[in-house]
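Trainee: here are the coordinates; sequence isn't available:
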């Protein structure tokens, strides 16, 4: 039962254009969402997050949008750069996990930014 | 520098053998986690610990064991009971408060030969 879904396994975008990565979730108890970026054979690094009380969070070239009614979030990268090429994981945290950051991850989307 | 160190980076094990993966953090984080990544799948939680001398099973704990005798260390043992141990293993830690942002180590690639 995949509670966090990233339905696009890969995405190719031209340098300078906008990259939009999507994520859907099914668990209404999720209250915090994160995006991680991962290079091959390395650990994920935190990119940006959003609380369920907000619908948008922006950090430089990265913006995350949350649509609670649709249980959907998206990560926008603009402008896209070649160094953005990586696998992006969407993750969610529920309200019933106490103090632990028990994250539920999506399957990832591989972004390729071409010249 | 503060961070999470996993060792070794690559590990080979013969079938039927137990193997222990190391995870050390000097971030003074209370909580630590072990995740497993398989091709085409997201990261799945194996075990987590919110405090020293306490740990809980995650979603795929069967065939694994952990200990948390020190705040800084959270070793994972992959036992011979784990049916498909070949995977990329990631250790993480978090403050256990607020946003509970998890910081990850560089991972250990375990291959059963």
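Mentor: That came in fine, so what should we check first? Model, not experiment: these values are computed from the prediction.
Trainee: list the pairing partners of the worst-scoring helix or strand of chain A on mean pLDDT within its sheet, with orientation.
Mentor: Scoring the helices and strands of chain A by mean pLDDT, DSSP states H and E places strand A:103-105 at the bottom, with a mean of 90. According to DSSP bridges, strand A:103-105 forms sheet pairs with strand A:86-94 (antiparallel).
Trainee: list the buried ones in the least confident helix or strand of chain A?
Mentor: A:103, A:104, A:105 (16 or more other CB atoms under 10 Å in any protein chain shown). Using the backbone N, CA and C atoms, a C-beta is placed for each residue, glycine as well.
Trainee: cool, stretch A:39-47 as well?
Mentor: A:43, A:44, A:47.
Trainee: cool, stretch B:83-93 as well?
Mentor: B:85, B:87, B:88, B:89, B:90, B:91, B:92, B:93.
Trainee: of those, which is the nearest to chain A?
Mentor: Checking these against chain A by CB to the nearest CB gives residue B:90 as the nearest, at 5.4 Å.
Trainee: name the residues that touch the least confident helix or strand of chain A?
Mentor: Contact with strand A:103-105 is made by A:3-4, A:27, A:30, A:34, A:36, A:89-94, B:35, B:42-45, B:102, as judged by CB atoms under 8 Å, 6 or more residues apart in numbering or on different chains.
Trainee: ranges for the strands of the chain?
Mentor: Chain wasn't specified; assuming chain A. A:4-5, A:10-14, A:19-25, A:30-38, A:45-51, A:56-59, A:62-67, A:72-77, A:86-94, A:103-105, A:109-114 (DSSP state E).
Trainee: chain B is the one I meant
Mentor: Counting by DSSP E, the strands of chain B are B:4-7, B:10-13, B:19-25, B:31-37, B:43-51, B:54-57, B:64-66, B:76-78, B:87-94, B:103-104, B:108-112.
Trainee: show me what the shortest one is packed up against.
Mentor: With contacts defined as 3 or more CB pairs under 8 Å, 6 or more residues apart in numbering or on different chains; DSSP states H and E, the secondary structure elements packing on strand B:103-104 are strand B:87-94.
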